[in-house]
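K.L.:
need the 3D shape of this:
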Amino acid sequence: MTQQRWWPLACLALLAAGPAPGADPPAGNKDALALAAKIDKHLQAGWDAAKVKPAPLADDAEFLRRASLHLAGRIPSVAEVRAFLRDPAPDKRVRVVERMLASPRYVTHFTNVWRSWMLPEAKASFQARFLVPGFQAWLRKQLAENVTYNKMVHELLTAPVSQQQAQFVYGGNQQANPSAFYIAKEIKSENLAAATSRLFLGVRLECAQCHHHPFADWKREQFWQYAAFFSGLKRQNQGDFAVPGTEAADSKEITIPGSERVMQAKFLDGSEPKWKFKEPTRKTLADWVTSANNPYFARATVNRIWEYFLGTGICDPVDEMVGTESKPSHPELLDELAADFAAHKFDLKFLIRAITASKAYQLSGVRTHPTQDDPRLFARMPLRGLTAEQLWDSVAEATGYRSGGPQAYPGVFIANGGNPRDAIVGKFADLSGKATEFQTTILQALSLMNGKVIEDATGLQGSETLLAIVDNPFMTTRDRVETLFLATLSRLPKEKELSRMVRYVESGGAEDVKAPNDDERQKRQAQALADVFWVLLNSGEFLLKQ
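P.N.:
Residues are numbered from 1 along each chain as shown. Model (predicted):
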C-alpha cells in the first residue's frame, strides 16, 4: 500500500468541508428570479388545468448532482457535496449555480455542448474531427468572455471563409476559428441553409429542398430563397477534403439545381432584405437572424436551452417550431421567456439562472403520481443518460483520475483512442443524441464492467479516491462506505444500503471465510471496498441523471 499518499488526499479532498458555498448572485439576478417566478406561474396553471400533482422538490443532494452535471459537465466532488449539504443558507441553490457559472468548468462543458449542436458532423466523420480544435477554441473564447448569444451567432454567420482559413483548420491549429462550421457543411448553400435554420430559427427547412414540405407550410422556393444568402461561398475539392474558394460576398441569387429557376435571397418570414451598398449578403442575413425583432431567433434559443435543462422542449422537437403541426405546450411561457431573453440582450447566463431557479427544474425525478408521466407538463424531472463527456469527467472525478497531460480536444487526431478518455468517449459518443431516449449497448455495458479504464480506476493501486479512503486511519468502515457513495452517487447511502455494504466490507467480502491474520483481513477489506466502488460506478444511478 502507498502509505505516504493518503494524508493530503484524505484530509483535503475527502473530509474537507469544501469551498465557500457559492459566489454572491449578481445584481441582475433579481430579474432572473422574477422570470423564474413567471415560469412557475405558467406551469402551475398547466398543472391545475390538467389536474396534475407535481413531484416534490428534489433534496439537496439530487439538486447538486443535477446542477453540476448540467453546468460543470461532471458530478460534484466529495468536498462540494459535503459543503452543500451542511450549508444552512436558504438561497444556497442560487448561490451554487452562480459559482458554477463563474467557474472554468462551465466554459469547458458548454464548449462541448455548443460544439455538439453546431458541429454535429464531428461525431461521425473522421474528416470533420480535424475541424474541432479551432472551432472549440472559438467557442471557448465566446463563453469565457460571456459574449451575448446574438453576437456569437452574428460572428459565426459573417465569419470569413477562405483558403487561408482552411489551412489553419485542416492543419490542426487550435487558433480560434469559426470557419470550420462552413467547411463541415461542405461549403454548400443548401447544407448551410438547413443547418442555420434548424439551429438558430427552430425551422426544419431541408425537407423543402427538392419539393414542398410534405408536413409543413414551407415551399421549395422558400428553401432556395434562404439558401441564396450563402450562394457567394464557393468550394474546391482537394482530394477528399472540401476547401473554400473565392467568395462573391455580394451574391444574392441562386439557381435551383436541375432547373433554370433563379431564386432571389429572401428572409424566412417573407420579408424582403433591405440591401445596403457594398454590404456582404451574409451580414444582411446575420443582422436579420439575430435581431430582437426576429420572430424566430429568441424563441428557438430559449426552447433549445429549456430542452437541455428540462429534457423536453416547450415546443418539441426543437427544430420544428414553425410551419408544422407541432404546437408549444405552454405558448405564453415560450413568449415570455423569449421576450425576457431578448430584453436582457440575449445573455445566456441570465436564461440559465432563471431556468435553474424555477420550481420545474428543482422538482424531484422520482415518480410519485401517475399524472406526472406527460413530459410536456414538466411535473417531474425526466431520467436522462449522461453524455460521453459527462460520463468520462464524472468517472475521473469519482476515482481521482489525473491525466499526465490532459488532451484539450479528445479523439481529434488519435483514430483508435490514445488515452483513457478517448476509450470512454469513443464508445459512448452516440449518447449525445436525445438524452431522454438513453439506451446502453452491450459493448458500452461491457466496457464499464470489464474495461481496463474502470478496472484501473477502481483498483487499489489506480484510484486516488480509493487509496485515500483505504489508507485513512481516522475513518471507520461506515465513513469509508459513505465517502464512496458521495464520490460516485453524490449522496449519502440509505441505512439499508449502508448496513449491507459495511457488513460486506468488514467480512472481507465473504462472511463464511475467516482471515488467518490481521494483515490478510485488512487486504480483504480493502479489496471489498474496491468491489463496492466498482458496483457503484457500474450502477444505473451513476450512469443516469434526473
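K.L.:
so residue 263 sits in a strand?
P.N.:
Yes. Looking at residue 263 with DSSP: H, G, I helix; E, B strand; the rest coil, it is inside a strand.
K.L.:
tell me which residues form a beta bridge with it?
P.N.:
Taking DSSP bridges as the rule, residue 263 bridges to residue 254.
K.L.:
residue 518 and residue 525, how far apart?
P.N.:
Counting by C-beta to C-beta, to the nearest Å, the gap from residue 518 to residue 525 is 10 Å. (Glycine included, C-beta is placed from N, CA and C.)
K.L.:
can you give the domain ranges for this protein?
P.N.:
3-16+385-545, 29-105+298-380, 109-289 (automatic domain parsing).
K.L.:
could those domains go into a markdown table alongside mean pLDDT and mean neighbour count?
P.N.:
Shown next, in a markdown table, are those (pLDDT from 0 to 100; neighbours: other C-beta atoms under 10 Å):
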| stretch | mean pLDDT | mean neighbour count |
| --- | --- | --- |
| domain 3-16+385-545 | 73 | 17 |
| domain 29-105+298-380 | 95 | 19 |
| domain 109-289 | 86 | 18 |
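K.L.:
would you list every one of the helices in the stretch 201-350 of the chain?
P.N.:
Taking DSSP state H, counting those that start in this stretch as the criterion, the stretch 201-350 of the chain contains helices spanning 220-227, 281-289, 297-310, 331-343, 348-357.
K.L.:
please name every helix or strand in contact with the longest one.
P.N.:
With contacts defined as 3 or more C-beta pairs under 8 Å, 6 or more residues apart in numbering; DSSP states H and E, helix 297-310 has these neighbours: helix 149-157, helix 189-201, helix 331-343, helix 348-357, helix 359-362.
K.L.:
residues in contact with that helix: which ones?
P.N.:
Taking contacts as C-beta atoms under 8 Å, 6 or more residues apart in numbering, the residues outside helix 297-310 that touch it are 70, 113, 117, 149-150, 153, 199-203, 289-292, 313-316, 318, 321, 328, 334-335, 337-339, 341-342, 346, 348, 351-352, 355-356, 360-361, 378, 381-382.
K.L.:
phi, psi for residue 358 please.
P.N.:
phi -80, psi 160 (degrees, to the nearest 10).
K.L.:
so it makes contact with residue 40?
P.N.:
Yes. The criterion here is C-beta atoms under 8 Å, and residue 358 meets it with residue 40 at 5.8 Å.
K.L.:
contact partners for residue 33?
P.N.:
Residue 33 touches 94, 353-354, 357, counting by C-beta under 8 Å, 6+ apart.
K.L.:
which of the residues you listed lies closest to residue 178?
P.N.:
Among the contacts of residue 33, residue 353 lies closest to residue 178 (C-beta to C-beta), at 26.5 Å.
K.L.:
wait, the closest one sits on residue 96?
P.N.:
No. Residue 353 lies out of contact with residue 96 (C-beta under 8 Å); the separation is 11.8 Å.
K.L.:
select the longest helix from the protein.
P.N.:
In the chain, taking DSSP state H as the definition, the longest helix is helix 29-50.
K.L.:
from the middle of its chain, how far away would that one be?
P.N.:
Remark: helix 29-50 is offset 24 Å from the chain centroid, using C-alpha atoms, centre = their mean, to the nearest Å.
K.L.:
didn't residue 480 look like it was pressed against residue 506?
P.N.:
No. Taking contacts as C-beta under 8 Å, residue 480 lies outside contact range of residue 506: 10.3 Å.
K.L.:
quick one: the strands in the stretch 101-250 of the chain?
P.N.:
Assigned by DSSP state E, counting those that start in this stretch, the stretch 101-250 of the chain shows strands spanning 235-238, 241-244.
K.L.:
ok, which of the ones you listed comes nearest residue 491?
P.N.:
strand 241-244 (49.0 Å).
K.L.:
and that closest one, how far out from the chain's middle?
P.N.:
From the chain centre to the centre of strand 241-244 is a distance of 29 Å (C-alpha atoms, centre = their mean).
K.L.:
paired strands for that strand, with orientation please.
P.N.:
Strand pairing (DSSP bridges) places strand 241-244 next to strand 235-238 (antiparallel).
K.L.:
for the strand it pairs with, give me every contacting residue.
P.N.:
So strand 235-238 is contacted by 163, 186-188, 242-245 (C-beta under 8 Å, 6+ apart).
K.L.:
relative to residue 546, which of the helices of the stretch 201-350 of the chain is closest?
P.N.:
Ranking the helices of the stretch 201-350 of the chain by proximity to residue 546 (C-beta to C-beta) places helix 297-310 first, at 11.5 Å.
K.L.:
can you name the residues that contact the closest residue to residue 40 other than its chain neighbours?
P.N.:
If the residues on either side of it in the chain are set aside, residue 40 comes closest to residue 359, at 4.6 Å by C-beta to C-beta, 6 or more residues apart in numbering. By C-beta under 8 Å, 6+ apart, residue 359 lies in contact with 36, 39-40, 43-44, 54, 57.
K.L.:
now those residues in TSV, with distance to residue 107?
P.N.:
TSV is the format used below for the contacts of residue 359 (distance: C-beta to C-beta, whole Å):
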residue	distance to residue 107
36	24
39	26
40	29
43	30
44	34
54	33
57	29
